[in-house]
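Participant: Predicted model and sequence follow; I will ask about them next.
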Amino acid sequence: MRQLTDAIFMLIPRIALNHIKKKVTPGKVVILTGARRVGKTFLISQYLKSLNEKYILWNGEDFAVHDLLKRRSVQHYKNILGDTKFLVIDEVQKIPDIGNVLKLIVDNFQDLKVLVSGSSAFDISNETGEPLTGRKKEITLFPISESELRPLENPQERFDNLCLRLVFGNMPEIFSLSSIKDKAEYLREIVNSYLLKDILAFESLRNSDKLFALLKLVALQIGKEVSLQELGRQLAMSKNTIERYLDILSKVFIIYKLTGFSRNLRKEIVKNSKWYFYDNGIRNAILANFNLINNREDIGMLWENYMMSERLKYNHYNEVIYNKYFWRTYDKQEIDLIEEKGGKLYAFEFKWKPAKIKIPTAWKTSYPDSEFNQVNSENYFDWV
């Protein structure tokens, strides 16, 4: 089996690069977000190589940059920027009051293009939210997607590589590592060193043991409804604390939430949510389980999590306007994913191996005009 490594890894075409090229325009701030180690800095460097104009690149973790921007006056910024046409700031959320700084710059340098990036949606929202209302465009960079791998894999390789991705995920650097041992060590390192670094940076959030315990419980409940009260009982934490921790974990792009769909509240469940990981490798690193799929009992969870995340990437990169839900009734009829777009409902059930399944009677009766499809390992490719 030929894996995508070394020079091939460098050639993986990132769809977000085209979005940056399209959205970077004078008078707007383009905000590139995504988890740590997902390739934001590399993507920015790729974009800068394509430019034929003068630019300034700053790192928000450099305190010299903080000092440079501290004096907030138009003339001071004119002295700094000179005839620069493009300003780029990596890890922008580290700069104090950066939202108002960028607002002053954008409002007074109308020919200047601005691109900033950061790994915490929480911090970036706090720092750039209100000041940049109407002045920003946002792009999320995810782990490598199936769409981005398509030009580099032939059909004979695809299934074997997919089996590896279900276990080790799609973080960019994974594709530069050839051995299973190296992939596992890399994932353990980024979970311990990078993801916790972001999470524990939040004020008054110091209990890494509880965070790991919470993540493990979520990792074991992929595809199942998660009760905040039950999580609280298992971890001896309040419901409000659990809710806050889950929100923070979603803001640093580790997990995301799927809510229930209902137009008939008496029959359909909407109280609890489901949670998924942006990357299968991160999920498996938290569980310390890198067994290959032939030695796993959770292949259904791996497949559902992978398909959910790949569909999320597909819809984001294609700028699809839609709502997403799961569906379940009190008598336990359920569908994994519901997409609502253009006034129509689309239902999807995930199965690793193709299987004959019937449309739930309650769904068919309540929503006869909807579409229903099974997504399995043989037909998934065009769906993502």
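Facilitator: Sure, I can see it.
Participant: Give me the distance between the residue nearest to residue 23 when sequence neighbours are not counted and residue 37.
Facilitator: The shortest distance from residue 23 to any non-neighbouring residue, by Cβ to Cβ, 6 or more residues apart in numbering, is to residue 137 (4.6 Å). No exception for glycine: its C-beta is placed from N, CA and C like everyone else's. Separation of residue 137 from residue 37 (Cβ to Cβ, to the nearest Å): 24 Å.
Participant: Ok, residue 380 next?
Facilitator: Residue 380 sits 26 Å away from residue 37, going by Cβ to Cβ.
Participant: Between these two, tell me which one has more neighbours.
Facilitator: Of the pair residue 380 and residue 37, residue 37 is the one with more neighbours under other Cβ atoms under 10 Å, namely 22 against 19.
Participant: So the more buried one, which state does it fall into?
Facilitator: Three-state call for residue 37 (DSSP: H, G, I helix; E, B strand; the rest coil): coil.
Participant: Could you do the one 5 residues further on as well?
Facilitator: For residue 42, the secondary structure call by three-state DSSP comes out as helix.
Participant: Go through the lengthiest helix in the chain and flag the buried ones.
Facilitator: Looking across the chain with DSSP state H, the single longest helix is helix 299-317. For helix 299-317, a neighbour-count test (16 or more other Cβ atoms under 10 Å) marks 299, 301-317 as buried.
Participant: okay, now residue 264: neighbour count?
Facilitator: 10.
Participant: how far away is it from residue 334?
Facilitator: 15 Å.
Participant: what does residue 281 give?
Facilitator: For residue 281, the distance to residue 334 equals 27 Å [Cβ to Cβ].
Participant: Strands of the stretch 51-200 of the chain, residue ranges please.
Facilitator: 55-59, 86-90, 113-118, 136-140 (DSSP state E, counting those that start in this stretch).
Participant: which residues in the stretch 251-384 of the chain form strands?
Facilitator: Going by DSSP E, counting those that start in this stretch, the stretch 251-384 of the chain shows strands at 255-260, 274-277, 323-328, 334-341, 344-350, 371-375.
Participant: Quick one, which of these gets closest to residue 162.
Facilitator: Evaluated over these, closeness to residue 162 peaks at strand 371-375, with 13.0 Å, by Cβ to Cβ.
Participant: Which pLDDT value belongs to residue 58?
Facilitator: pLDDT recorded at residue 58 is 95.
Participant: what's around the residue nearest to residue 136 when sequence neighbours are not counted, how many residues?
Facilitator: Nearest non-adjacent residue to residue 136, counting by Cβ to Cβ, 6+ apart: residue 29, 4.7 Å away. Neighbour count for residue 29, taken as other Cβ under 10 Å: 26.
Participant: Looks like residue 29 contacts residue 102 (just checking).
Facilitator: Yes: counting by Cβ atoms under 8 Å, residue 29 does reach residue 102; the two are 5.4 Å apart.
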